[in-house]
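Student: got a structure for you, letters missing:
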């Protein structure tokens, strides 16, 4: 077994789409970043990469590389999952939390789980998503940005 944790944060910005877990969320602000800035998938990828000892997303997909400008984080997650498989592992489970004052996200979680499970090659039951606010405190509470944290358990592919 291997365990990894991930954390990411992006600033909210005008004229950007809000994409979380591969789902576009109707909201007047989006997340600033080099890619689509999907903070949830970024935290998940860091957890997966950490579990296999392969650094973080900045190492694999640097924001100085124009190939990744505006790219869907789902495409990056596909590449990370190939690294996980190449290392001989599959997802045991992944648990993630999005920290945002707004928008409310619970109604989008079923679609996110479906898309993420399909992209990761696992069952939806192996992915848990939740959201919380910081009750008006900090940068997320002031609605300046959104953060996400994830933890994953990987198991050897033949031990599934």
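Tutor: Alright, I've got the coordinates. Keep in mind that what you see is a predicted model, and the values were worked out from it rather than measured.

Student: helix, strand or coil for residue 103?
Tutor: In the three-state summary, residue 103 is assigned as coil, counting by DSSP: H, G, I helix; E, B strand; the rest coil.

Student: if I look at it, how far off is residue 29?
Tutor: Noted for residue 103: a distance of 9 Å to residue 29, by C-beta to C-beta, to the nearest Å. For glycine as for every other residue, the C-beta is placed from the backbone atoms N, C-alpha and C.

Student: overlap of the contact sets of those two?
Tutor: Common contacts of residue 103 and residue 29 (C-beta atoms under 8 Å, 6 or more residues apart in numbering): residue 18.

Student: wait, residue 1 sits on residue 155?
Tutor: Yes - assessed by C-beta atoms under 8 Å, residue 1 is found in contact with residue 155 at 5.6 Å.

Student: now the common contact residues for the two.
Tutor: residue 92.

Student: residues in contact with the residue nearest to the spatial centre of the chain?
Tutor: Among the residues of the chain, the one closest to the centroid is residue 41, at 1.5 Å (C-alpha atoms, centre = their mean). Counting by C-beta under 8 Å, 6+ apart, residue 41 makes contact with 21-22, 73-74, 76-77, 116.
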